[in-house]
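# Here is a sequence together with a model predicted from it:
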Amino acid sequence: MEHLSAALCQWYAANQRKLPWRGTHDPYKIWLSEVILQQTRVAQGLAYYQRFVEAFPTVADLAQASGERVTRLWQGLGYYSRARNLHLAAQQVVERHGGRFPESYAGLRALPGVGDYTAAAVASLAFGLPHAVVDGNVYRVISRLLGISTPIDSGAGKREFASLAQALLDKARPALHNQAMMEFGATLCTPKSPQCGRCPVADACVALRSGRVDELPVKAKKIVQKDRFLVYLFITWGDSFLARQRGDDGIWARLHEFPGFEVEGPLTDSELLASEPFAALTQGLAHELEAIGPPLTHLLTHQRIWARFVELRLQGPPPPEHPLGEYTWLSPSRSEDLAFPKLMLRFFDQRRQGRQSPSLF
Ligand code: SF4
């Protein structure tokens, strides 16, 4: 297996992309880039990485920041529990480790939000420890190179690929090896149309030899996307609007949101306005209906969200004890410092552009 690693490292030395977190041994910057790049493309993650490093040059700066500022900087990257864990982990590094990242796999793995992959990445890239990273790219490269068809999303597959990745690792230079594997999977042995004609390990590739490149890697479970239909009420009074901060769970953890509810399926405008949850949220309110927007869709791995925004203008504040009492009035300038889900940012954009037309979901 050594020759495979050597060939990939040689290829990497000549073909790697220039990225700001490469060439550093600073565990803070390596960790930051790895957390940002989970579920995020490099092109998108780059700007976020630069923004974070500029705002928080050290882990102590990040630890001291307000949760609001961290979430706001993360806005648009999705999977917001990552931002919360990033902040918590920075605080732990400062409080429990004197501001220095633990220099062992187990110590890193114990930090909030740090899984096997991130612990192996930081341990190898920052401290030169012999831990192989296993991410989507590595699964694909190993599966094709060695012709392994065990499903990568099964328990057996995870164990098998982790042990193969560790066997392939060049223990004398784990940082170079890990980066080479990931870069190779990201840019050459890609999910669709891999460039086998330019591949430095094509001679050894079992998938190429057996005509199975398009079949590997194998996934046992098909991703089922569920349709969800959400209705949000954009309730204004003067210049301000109502919103609240979400709790710590879910894909939009700690982001701000308008009052709203979920329905079973598409509704016409009149069905929406006559629905029970709409009546419950607007009962006793003197209001004027300003607009019902067209549906905005938002795709997540397991969900396709259809959101509609109903604009209501109040003629006075909600009475005490009203279900809307738990929401806060936000002025435009205050809301600029807060983070909202992408869907709501798109609603703000559309509203600014004055595009509203009634329609079905
Ligand atoms: S020959 Fe093609 S499928 Fe095999 S490792 Fe190289 S790029 Fe990937």
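Yes, it's here. Source: prediction; values computed, not measured.
# Low-confidence stretches in the protein?
Scanning the chain for pLDDT under 70 picks out 1, 355-361.
# okay, now the domains of it?
Domain segmentation of the chain under automatic domain parsing yields 2-215, 226-353.
# so which of those comes closest to the ligand?
Comparing the domains of the chain by their distance to the ligand (C-beta to the nearest ligand atom), the top pick is domain 2-215, with 3.1 Å. For glycine as for every other residue, the C-beta is placed from the backbone atoms N, C-alpha and C.
# Wait, residue 165 touches residue 135, no?
No - look at residue 165 against residue 135 with C-beta atoms under 8 Å: they stay out of range, at 9.7 Å.
# Quickly note the distance from residue 85 to residue 288.
Per C-beta to C-beta, to the nearest Å, residue 85 is found 43 Å from residue 288.
# So these two - more neighbours on which side?
Per other C-beta atoms under 10 Å, whichever of residue 85 and residue 288 has more neighbours is residue 85, with 16 against 10.
# In this structure, where's the longest helix?
In the chain, with assignment by DSSP state H, the single longest helix is helix 81-97.
# which secondary structure elements does that one contact?
When contacts are defined as 3 or more C-beta pairs under 8 Å, 6 or more residues apart in numbering; DSSP states H and E, helix 81-97 sits against helix 27-37, helix 59-64, helix 67-74.
# Would you check the distance separating the second one from the middle of the chain?
Averaging C-alpha positions (C-alpha atoms, centre = their mean, to the nearest Å) puts helix 59-64 21 Å from its chain's average.
# Please name every helix or strand in contact with that helix.
With contacts taken as 3+ C-beta pairs under 8 Å, 6+ apart, helix 59-64 sits against helix 81-97.
# Pull out the buried residues from the helix it packs on.
Using 16 or more other C-beta atoms under 10 Å as the test for burial, helix 81-97 gives 81-94.
# And the helices and strands packed on helix 81-97: which comes nearest residue 176?
Closest to residue 176 of the helices and strands packed on helix 81-97 is helix 27-37 (C-beta to C-beta; 13.9 Å).
# contacts for the closest one?
Contacts to helix 27-37, defined as C-beta atoms under 8 Å, 6 or more residues apart in numbering, come from residues 19-21, 24, 45, 48-49, 52-53, 58-59, 62, 77, 82, 85-86, 89, 101, 108, 113-114, 117-118, 121-122, 125-127.
# in which helix or strand would I find the closest residue in space to residue 277 that isn't next to it in sequence?
Spatial nearest neighbour of residue 277, excluding adjacent residues (C-beta to C-beta, 6 or more residues apart in numbering): residue 261 at 3.8 Å. Here residue 261 sits within strand 260-263, counting by DSSP states H and E.
# immediately after that strand, which helix or strand?
Using DSSP H and E, the first helix or strand after strand 260-263 is helix 269-274.
# packing partners for that following helix?
Counting by 3+ C-beta pairs under 8 Å, 6+ apart, helix 269-274 packs on strand 287-292, strand 303-314.
# Residue 70 is nearest to which of these?
Using C-beta to C-beta, the nearest of those to residue 70 is strand 303-314, at 24.4 Å.
# Relative to the whole chain's centre, how far out is the helix or strand following the closest one?
Note on strand 303-314: by DSSP H and E, the next helix or strand toward the C-terminus is strand 328-330. Taking C-alpha atoms, centre = their mean, one finds strand 328-330 lying 28 Å from the centre of the chain it belongs to.
# Each with direction, which strands does strand 328-330 pair with?
Applying DSSP bridges, strand 328-330 is found paired with strand 240-245 (antiparallel).
# which residues touch the strand it pairs with?
Under the criterion C-beta under 8 Å, 6+ apart, residues 233-235, 254-259, 324, 326-332, 335, 338, 340 lie in contact with strand 240-245.
# For burial, what's the neighbour tally of the closest residue to residue 212 other than its chain neighbours?
Closest residue in space to residue 212, ignoring its immediate chain neighbours: residue 147 at 6.7 Å, by C-beta to C-beta, 6+ apart. Residues within reach of residue 147, counting by other C-beta under 10 Å, total 15.
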